[in-house]
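1. predicted model and sequence below, questions to follow.
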Amino acid sequence: MGQALLRLAPDLPGVQVVAAVQRRIGQRVVEGVPHFASSELGGAPAFDAAIDFSLPEGFDPVLSLCVARGAAFVSGTTGISDSQRGALGEAAQAIPVLWASNFSLGVAVLDELVERSAAALPGWDCDIVESHHTQKKDAPSGTALSLGEAAGRGGAQPHYASLRAGDIVGEHLVQFTAMGERIELVHRATNRDIFARGALHAASRLVGRAPGLYRVRDLL
């Protein structure tokens, strides 16, 4: 994701990457972008927003730095703990914060459609089927669980199924079924760049917002 963000950022008007941070560094400057080791995070130059796709152990320092500097925080780091989710809520009292399991703009729209459909179809069965490549470890996917939360907000009780096959980037089907009829809402990802583009889009729109917890769909 870091490489994709660096590659795609120049294509987004108004976005300038002022630093890249990773666990260890080789070159200090790559294509004009200064690189910092995670241990040097505090030395990063001024920034308006940080985009975090790291590991749970890298999550806390970036969030703390954003709070200290009054910068927006965007994160797609998975596997964070309940205490880290609590820290997000506390940070949202001071800065704009967005954490998402999926930064696809299409999935953000799907999330809203699922919630609205569940609310409009009380008593219908709700099933979520997610398909990914064979190397993906977690099941159901984080996106499937987020879509299930959207269905739950609409009053549905979702059931999940997971498929692991080939090199599928990501496919999510949300199905509402009643006697004699069925509605299917589907999102298919064919390129992982959509997640980096979505994160850049979200970061650019989060800057300057009031403190709070945001969703990708809030920034469409």
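-> Nice, thanks for sending it over.
2. just the helices in this structure please.
-> Ranges of helices in the chain, per DSSP state H, are 2-8, 56-69, 82-91, 105-120, 142-153, 193-206.
3. turn those helices into CSV, including distance to P45.
-> All C-beta atoms are positioned from the backbone trio N, CA, C, and that covers glycine. Formatted as CSV, the helices of the chain follow (distance: least, C-beta to C-beta, whole Å):
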stretch, distance to P45
helix 2-8, 16
helix 56-69, 10
helix 82-91, 21
helix 105-120, 29
helix 142-153, 32
helix 193-206, 16
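4. could you chop this structure up by domain?
-> 2-99+194-219, 105-189 (automatic domain parsing).
5. dump those domains to a markdown table, plus mean neighbour count and mean pLDDT.
-> Output for the domains of the chain, formatted as a markdown table (neighbours: other C-beta atoms under 10 Å; pLDDT from 0 to 100):
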| stretch | mean neighbour count | mean pLDDT |
| --- | --- | --- |
| domain 2-99+194-219 | 16 | 92 |
| domain 105-189 | 17 | 96 |
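6. residue contacts, A118?
-> 124, 126, 150-156, 176 (C-beta atoms under 8 Å, 6 or more residues apart in numbering).
7. and which of those is nearest S204?
-> Nearest to S204 among the contacts of A118: A150, at 24.3 Å, using C-beta to C-beta.
8. the closest one contacts V114, correct?
-> Yes. Using C-beta atoms under 8 Å, A150 is in contact with V114, at 4.5 Å.
9. what is the nearest of the contacts of A118 to F195?
-> A150 (18.4 Å).
10. quick one: the closest one and R116, what's the gap?
-> 9 Å (C-beta to C-beta, to the nearest Å).
11. can you check A108 too?
-> A108 is 13 Å from R116, by C-beta to C-beta.
12. now the residue nearest the centre of the chain: closest residue in space that isn't a chain neighbour?
-> Residue closest to the average C-alpha location in the chain (C-alpha atoms, centre = their mean): A100, at 3.0 Å. In space, and not counting its chain neighbours, A100 is closest to V216: 5.2 Å by C-beta to C-beta, 6 or more residues apart in numbering.
13. can you check C126 too?
-> Nearest non-adjacent residue to C126 (C-beta to C-beta, 6+ apart): A156, at 3.9 Å.
14. hang on, that neighbour packs against W124?
-> Yes. Counting by C-beta under 8 Å, A156 sits close enough to W124 to count as a contact (7.2 Å).
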